[in-house]
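Asks: Sequence first, predicted model second:
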Amino acid sequence: MSVTLRAHAKINLTLDVLARRPDGYHEVEMIMQSIELHDTLNFNIAQKDITLMVTGLPVPEGADNLVLKAAHLLREFSGTELGATISLNKKIPVAAGLAGGSTDAAATMLGLNQLWNLGLQRDDLMGLALQLGADVSFCLLGGTAIARGIGEVLSPLASAPRFGVVLVKPSFGISTKDVYQNLSLDNLGLRPNTSAMVRALGEGNLKQVAGELVNVLESVTIQIKPELNELKTKLKKAGCQGVLMSGSGPTIFGLTADMKSAVEVAKGLDLPDCQVLVTGMI
Ligand SMILES: C[C@@](CO)(OP(=O)(O)O)[C@H](O)COP(=O)(O)OP(=O)(O)OC[C@H]1O[C@@H](n2ccc(N)nc2=O)[C@H](O)[C@@H]1O
Ligand SMILES: Nc1ncnc2c1ncn2[C@@H]1O[C@H](COP(=O)(O)OP(=O)(O)O)[C@@H](O)[C@H]1O
């Protein structure tokens with residue numbers, strides 16, 4: 001028996017921070033959107049051990065990998081004694097604000113639930129997701145959703161239009177923890193209007209969606225890496241309607257009417273130090 005699953009990346013169309021909790025985490029309100037860009041995971045049954053092999057972009061293969069963390073958590077929760085041989089083909093840039101690790105963790109729980117025939121419901125997996133990371137809950141759900149709490153309280157939204165997405169990932173990564181720690185809650189600057197973004201998505205109006213793209217973490221990351229401002233300007237000049245940093249960064253995304261126009265925008269970009277990827281909203 002073998003199971004193969006795609007683990008999709010996300011972008012944040014809006015991101016607002018409402019409060020800092022005593023444990024250091026932050027209450028957020030954000031509109032999350034799955035994109036076509038994905039890692040691929042394959043699961044095969046094994047007698048006892050859980051092993052991981054990674055191809056594609058380099059990520060640690062040891063116990064710190066979120067795939068192994070998710071697999072061990074699920075095995076403990078379910079009580080099964082079965083093992084698994086897991087392979088991960090990594091395509092989502094790492095430490096990029098695209099939830100690459102979180103989506104692998106979510107896909108691992110879904111894949112092993114099938115492989116081990118555990119019969120767990122999504123709600124059971126949602127309960128485990130938060131132990132792995134704040135974005136794992138959304139990655140289990142996918143699509144378009146408002147995320148509140150620290151990211152685990154989800155309100156699904158109707159499917160968004162399939163706008164094209166150009167991703168620009170600079171060569172450096174950024175630590176999510178550092179970005180949240182450097183955020184001054186008294187000085188957030190422009191805040192997103194969540195309901196206006198929900199309306200714009202519902203109407204399928206790219207110009208309005210572009211006008212509502214706001215992420216309060218953007219200025220924090222740009223303060224650490226000012227070159228992100230130039231990338232934003234270049235993406236706009238190349239023809240993207242709206243441009244924003246995803247999550248804690250450093251990936252910048254630009255929206256276009258469709259994938260075809262995203263390909264055209266990407267052709268016009270001359271960014272030798274960055275990874276440029278064309279994808280789409282799903
Ligand atoms: C900023 C966002 C936006 O979607 O995404 P990324 O940029 O990581 O993709 C998320 O809030 C990140 O979620 P995720 O990356 O899963 O966070 P975790 O691994 O649980 O936490 C990493 C660190 O970020 C901080 N953190 C995370 C989530 C949150 N609501 N408040 C926080 O303060 C904490 O300091 C935590 O130690
Ligand atoms: N399967 C995985 N894929 C990517 N990163 C992983 C994975 N497992 C553990 N990590 C670690 O998680 C950290 C955050 O990576 P990632 O989830 O890609 O970023 P982000 O939180 O910005 O979306 C990285 O430092 C990486 O070493």
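Replies: It's in. Since this is a predicted model, take the numbers as computed values, not measurements. Ligands and ions are numbered 1, 2, ... in the order given.

Asks: Packing partners of whichever strand or helix holds residue 233?
Replies: Residue 233 is part of helix 227-237, with elements assigned from DSSP states H and E. Contacts defined by 3 or more C-beta pairs under 8 Å, 6 or more residues apart in numbering; DSSP states H and E place helix 227-237 against strand 164-170, helix 218-224, strand 242-245, strand 252-256. (Glycine included, C-beta is placed from N, CA and C.)

Asks: Highest mean neighbour count out of those?
Replies: strand 252-256 (a mean of 27; mean count of other C-beta atoms under 10 Å).

Asks: which helices and strands does the next helix or strand after that strand pack with?
Replies: In the C-terminal direction, the helix or strand that comes right after strand 252-256 (DSSP H and E) is helix 259-267. Helix 259-267 sits against strand 164-170, strand 252-256, strand 274-280, with contacts defined as 3+ C-beta pairs under 8 Å, 6+ apart.

Asks: Off-centre distance for stretch 237-252?
Replies: Here stretch 237-252 is found 14 Å from its chain centre; the criterion is C-alpha atoms, centre = their mean, to the nearest Å.

Asks: got it, and stretch 226-234?
Replies: On C-alpha atoms, centre = their mean, the centre of stretch 226-234 falls 21 Å from that of its chain.

Asks: Please identify the buried residues of that stretch?
Replies: For stretch 226-234, burial by neighbour count (16 or more other C-beta atoms under 10 Å) applies to 228, 231-232, 234.

Asks: again, but for stretch 59-79
Replies: In stretch 59-79, counting by 16+ other C-beta under 10 Å, buried: 59, 65-71, 73-75, 77-78.

Asks: ok, now stretch 106-114?
Replies: Per 16+ other C-beta under 10 Å, stretch 106-114 contains these buried residues: 106-113.

Asks: Between those residues, which sits nearest ligand 2?
Replies: Using C-beta to the nearest ligand atom, residue 108 is the member of the buried residues of stretch 106-114 that lies nearest ligand 2, at 8.6 Å.

Asks: Check which helix or strand residue 19 maps to.
Replies: strand 2-20.

Asks: how much distance is there from the helix or strand following that strand to the middle of the chain?
Replies: Scanning forward in sequence from strand 2-20 by DSSP H and E, the next helix or strand is strand 26-46. Strand 26-46 sits 6 Å away from the centroid of its parent chain (C-alpha atoms, centre = their mean).

Asks: Pull up the pairing partners for the strand holding residue 19, direction included.
Replies: strand 26-46 (antiparallel), strand 214-215 (parallel) (DSSP bridges).

Asks: got the residues of the stretch 151-282 of the chain near ligand 2?
Replies: Within reach of ligand 2 by C-beta under 6 Å from any ligand atom, the stretch 151-282 of the chain has these residues: 176, 247-248.

Asks: so does the helix or strand harbouring residue 128 get close to ligand 2?
Replies: Using DSSP H and E, residue 128 maps to helix 122-132. No - using C-beta under 6 Å from any ligand atom, helix 122-132 stays clear of ligand 2, with a minimum separation of 9.7 Å.
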